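Enquirer: Here you go, sequence then predicted model.
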Amino acid sequence: MINYSSRYASSPQAVKHYDTKQLRDEFLIDNLMKEGEITFTYSHYDRYIAGSAVPTTTPLQLETIDILKMPNFLDRREMGVINVGGNGVVIVEGVAFELGFKDALYIGKGNSDVVFKSDDVKNPAKFYINSAPAHTNHPTKKVSLAEANKLELGTMETANHRTVNQMIIGGIVTTCQLQMGMTELRPGSVWNTMPAHVHDRRMEVYFYLDIPENQAVCHFMGEPQETRHLWINNHQAVISPPWSIHSGAGTSNYTFIWGMAGENLDYGDMDVCKITELR
């Protein structure tokens, strides 16, 4: 079973007038990780798709959705998958890729047969999925968390000591435009992506996980001089337009998966905003 919704792009001039409900309706994705379902949100920012698949008693087959107007989901798209649940398997054209907790899989354009399975129904795999348009096919490849390129950033003194795990990114996996990775905050650190930045060449989606029970993350978005915020619970995601900052502060440490696509594959292409100039 596949459920999907579509979100149109919003201008920064319009967003500055949104109330809390409008902000959440436009940018928050709060229907992820439903057992026995594949769920997608199609964003008109760079035609990006974010979603999830949680197979339980039966495997889940990746099927096309009407908005793509193609026989198969990946006829003109590439896909990244990161497992945030129990052990599972993604079968691509008959080849099985076993994904443990926080392992990733890149699936290239043109693969028509993709199936998601869980090893244990009582502890199902929870596959977080991103997809972007693709112009050519690249090989499908698994990337374990141990194989990620790791960047140690921030300090405990500024409450943002974190490990950036670059997983589906140039040098590790060849893609058309999709990039994905995972940032893990150390205990005692709560700020992510601070100093904040924008990158007008790419949009991005943040998916939050490892948020302890009864804790939350305050996600900051908007233009640097017109910031807004959204309170985020575990296993929720936020769409970040190219003109928006994307940062957050939690009531505990946490992890988030970042995924992005757009004009280039330069991870460092960002316009940094001075902390003292944020409004």
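Expert: Looks like it arrived, so ask away. Numbers count the residues shown, from 1 in each chain.

Enquirer: which regions of the protein sit below the pLDDT cut-off?
Expert: For the chain, not a single residue meets the criterion pLDDT under 70.

Enquirer: how about the helices of it, start to end?
Expert: Assigned by DSSP state H, the helices in the chain fall at 12-15, 20-27.

Enquirer: quick one: which of those is nearest Ile107?
Expert: The stretch from the helices of the chain with the least distance to Ile107 (CB to CB) is helix 20-27; that distance is 26.2 Å. Bear in mind the C-beta positions are built from the backbone N, C-alpha and C, glycine included.

Enquirer: helices or strands next to the closest one in the packing?
Expert: strand 226-232, strand 236-240 (3 or more CB pairs under 8 Å, 6 or more residues apart in numbering; DSSP states H and E).

Enquirer: Now it - C-alpha only, PDB.
Expert: The C-alpha coordinates for helix 20-27 follow below in PDB (Å, rounded to 0.1, in the frame of the first residue of the first chain):
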ATOM      1  CA  THR A  20       1.900  27.900  13.000                       C
ATOM      2  CA  LYS A  21      -0.700  25.700  11.400                       C
ATOM      3  CA  GLN A  22       0.200  26.900   7.900                       C
ATOM      4  CA  LEU A  23       3.900  26.400   8.500                       C
ATOM      5  CA  ARG A  24       3.400  22.900   9.700                       C
ATOM      6  CA  ASP A  25       1.000  22.100   6.900                       C
ATOM      7  CA  GLU A  26       3.500  23.300   4.200                       C
ATOM      8  CA  PHE A  27       6.800  22.100   5.600                       C
END
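
Enquirer: quick one: that helix to chain centroid distance?
Expert: Distance of helix 20-27 from the chain centroid (CA atoms, centre = their mean, to the nearest Å) equals 18 Å.

Enquirer: Would you mind listing the buried residues in that helix?
Expert: Within helix 20-27, the residues that qualify as buried are 23-24, 26-27, counting by 16 or more other CB atoms under 10 Å.

Enquirer: what do you get for stretch 181-197?
Expert: For stretch 181-197, by 16+ other CB under 10 Å, it's 181-186, 189-196.

Enquirer: ok, so of those, who is nearest Met33?
Expert: Using CB to CB, the buried residues of stretch 181-197 come closest to Met33 at Met182, 16.0 Å.

Enquirer: For the stretch 1-150 of the chain, which segments are assigned as strands?
Expert: 2-7, 28-29, 38-43, 48-53, 60-61, 77-83, 88-92, 95-99, 104-107, 114-118, 127-133, 141-143, 149-153 (DSSP state E, counting those that start in this stretch).

Enquirer: who does the second one pair up with?
Expert: For strand 28-29, sheet partners with direction are given as strand 236-240 (antiparallel), following DSSP bridges.

Enquirer: Please apply the same query to the fifth one.
Expert: Within its sheet, and counting by DSSP bridges, strand 60-61 is paired with strand 114-118 (antiparallel).

Enquirer: circling back to that earlier point, looking at the strands of the stretch 1-150 of the chain, spot the one closest to Ala216.
Expert: strand 28-29 (12.6 Å).

Enquirer: Residues in contact with the closest one: which ones?
Expert: Contacts with strand 28-29, where a contact means CB atoms under 8 Å, 6 or more residues apart in numbering, come from 41, 50, 205, 230, 232, 236-239.

Enquirer: circling back: turn the buried residues of helix 20-27 into CSV, columns for distance to Lys16.
Expert: CSV is the format used below for the buried residues of helix 20-27 (distance: CB to CB, whole Å):
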residue, distance to Lys16
Leu23, 10
Arg24, 16
Glu26, 13
Phe27, 13
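
Enquirer: Check the residues you listed against Tyr8 and report the nearest one.
Expert: Glu26 (8.5 Å).

Enquirer: Relative to Leu265, which of the strands of the stretch 1-150 of the chain is closest?
Expert: Comparing the strands of the stretch 1-150 of the chain by CB to CB, strand 127-133 comes nearest, at 11.2 Å.

Enquirer: Let's have the helices of the chain in TSV, adding distance to Thr174.
Expert: Shown next, in TSV, are these (distance: least, CB to CB, whole Å):
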stretch	distance to Thr174
helix 12-15	33
helix 20-27	30
